[in-house]
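Participant: Could you look at this predicted model? Sequence included:
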Amino acid sequence: MGGAAGSGRSAGAALGAGLASHGLLDVVRHEDSTLRERGLLREVALSAAVIVAFGACLGWQSGAMLGAVAGIVPDGEHLLELLSGGRYPAMFPTHIFHSRFHSLLGHPAVSGRHQTALGVGLALVVIALRRRRGSWSLMEGEPAKL
């Protein structure tokens, strides 16, 4: 979702849009995978694949790439919290105020599998639309403007 939000934006705007998209999506009721679930490995692998696809297809410094990375980075806190046995303090606003904002809207919760499928599907749409506009490049993309 961060890739779509950052697409076609300057570097700063893409990073901000990616972070904002994460915060907005945290409000929708959803499941967060744990280390004990196979789903976490699938989510990490597919997220990495999406990042590589954005970088390779749209440019490593493109707005879509920067937005995608910024949209994923806050969930690194969940991994750090799990690995530290709960000793890692939350820093992202919707994680700090987890009980108030996280999963505020919607019922039932969106499963990890559905979140991953939606993210990959949206990534493919962004790549296809950017390609259609003539912004396609296999290794070199137009860097986001500073």
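Facilitator: In hand now; what should we look at?
Participant: Strands along the protein, start to end?
Facilitator: Along the chain, the segments classed as strands by DSSP state E run 28-30, 105-110.
Participant: Tell me which of the ones you listed sits most buried.
Facilitator: When these are scored by mean count of other CB atoms under 10 Å, the highest mean neighbour count falls to strand 28-30 (a mean of 15). The C-beta positions use only the backbone N, C-alpha and C, and glycine is treated the same way.
Participant: what packs against it?
Facilitator: In terms of contacts (3 or more CB pairs under 8 Å, 6 or more residues apart in numbering; DSSP states H and E), strand 28-30 is packed against strand 105-110.
Participant: Against which helices or strands is the strand it packs on packed?
Facilitator: strand 28-30.
Participant: for the strand it packs on, the distance to its chain's centre please.
Facilitator: What separates the centre of strand 28-30 from the centre of its chain is 15 Å, taken as CA atoms, centre = their mean, to the nearest Å.
Participant: partner strands of that strand, parallel or antiparallel?
Facilitator: Strands that pair with strand 28-30, judged by DSSP bridges, come out as strand 105-110 (parallel).
Participant: So, low pLDDT: which residues of this structure?
Facilitator: Judged by pLDDT under 70, the chain has its weakly predicted residues at 31-40, 99, 102-103, 108, 112-113, 133-146.
Participant: Recalculate using a threshold of 90.
Facilitator: Per-residue confidence for the chain (pLDDT under 90) gives these ranges: 1-10, 22-65, 68, 71-146.
Participant: So which residues of it form helices?
Facilitator: If DSSP state H is used as the criterion, the helices of the chain fall at 2-6, 11-26, 38-58, 63-72, 76-83, 93-96, 98-101, 112-132.
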